[in-house]
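> Okay, predicted coordinates and the sequence, questions at the end:
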Amino acid sequence: MFDYNFHWRPVMKSLPDLLEAGLLTLQVATLSMIIGIVIGLLLALSRMKKTGPAYWLATAWVELARNTPALFQLFFFGFGIGAFGIHLSPFAIVLAGLSFNCAGYLAENFRGGFQAIPDTQLRAARSLGMTAWQAHTRIIIPQVFRLVYHPITNQMVWAVLMSSLGMLVGFRELSGETQFFASRTFRIFEYFAVTAVIYYAIVKIVLGASRLLAMRLFRY
C-alpha cells in the first residue's frame, strides 16, 4: 500500500545550494568542452597525418576515450594516477576526466568535418599566398565548425549530464549536493525529483543558447 508522505520544505530550504551546485555543474562542463575542443582539433589533425608518433598518440587517445567507460576514465584520474603520487582535487578530477572523454569524441567529429572540406580549398588558399596556418584558421576550420556544430552541442549536453559521476569522487556538483542533502534528511524522492528538474532546465538553457549562437554565427 502506498503510504509515502511527501515533505518538500527541506528541499525548498536547500534550493539555493542546489542551484549553486547546478552552476558548478555547468562550469565544469563548459571548461571541459573548451579544453576538449582545443585538444580534439589537435588530435584530429594528428590522425589525418596517418603516420608518426603524433598519429599513434592521437589514435590511442581516441580509442581509449571512445571505448572505455566514462566512469573508468574518471577513476583513473581520481585514483589511478594517485599511485604515482599525483593527487588532484575533486574538481580537477572531473575536469580532467570529462576533458579527456570530450576530446576523444570531438576528435572524430572534427576529422569527419575536415574530410568533408574539398582539398581544392586548401590548395586555393595556399596559391593566394596564405600560409598553412592562415589557410586552416581562416578558411578550413570555420567551415569545419559549421559542419560539426550540432555534434558539439550534443557533446556539451553529454558533459553536463555525465558530470554527475563526479559525486563518486567527492565532487559536490548538482548530483553530489543532492546526495548530501538527501542522506541527511532522508527525503530521497523529493530531492532527486527537484534535481531532475534542474538538470532539465540546464540542458534546455544549453540548447537554447546553442541555437542563438548558431543564428549569430551562421546567419549566411
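Yep, that arrived. Just so it is clear, the structure is predicted and the values come from calculations on it, not from any experiment. Numbering: from 1, shown residues only.

> Tell me the helix or strand right after the helix ranked longest in the chain.
Longest helix in the chain, counting residues (DSSP state H): helix 15-48. Scanning forward in sequence from helix 15-48 by DSSP states H and E, the next helix or strand is helix 53-67.

> Next SSE downstream of that following helix?
Per DSSP H and E, the first helix or strand lying C-terminal to helix 53-67 is helix 70-75.

> List the buried residues of that next one.
Buried positions in helix 70-75, judged by neighbour count with 16 or more other Cβ atoms under 10 Å: Ala70, Gln73, Leu74, Phe75. C-betas here are computed from N, CA, C, even on glycine.

> can you check stretch 169-179 too?
For stretch 169-179, burial by neighbour count (16+ other Cβ under 10 Å) applies to Val169, Phe171, Arg172, Glu173, Leu174, Ser175, Gly176, Glu177, Thr178, Gln179.

> With stretch 72-89 instead?
Of all the residues in stretch 72-89, those buried under the rule 16+ other Cβ under 10 Å are Gln73, Leu74, Phe75, Phe76, Phe77, Gly78, Leu88.

> what's the answer for stretch 182-190, then?
So for stretch 182-190, counting by 16+ other Cβ under 10 Å, buried means Ala182, Thr185, Arg187, Glu190.

> next one: stretch 4-16
So, applying 16+ other Cβ under 10 Å, buried residues of stretch 4-16: Pro10, Val11, Ser14.

> Could you tell me the end-to-end distance of that stretch?
Separation of the first and last residues of stretch 4-16 by Cα to Cα, to the nearest Å is 26 Å.

> which residues are in contact with that stretch?
With contacts defined as Cβ atoms under 8 Å, 6 or more residues apart in numbering, stretch 4-16 is touched by Leu18, Phe181, Thr185, Arg187, Phe189, Glu190, Tyr191, Val194.
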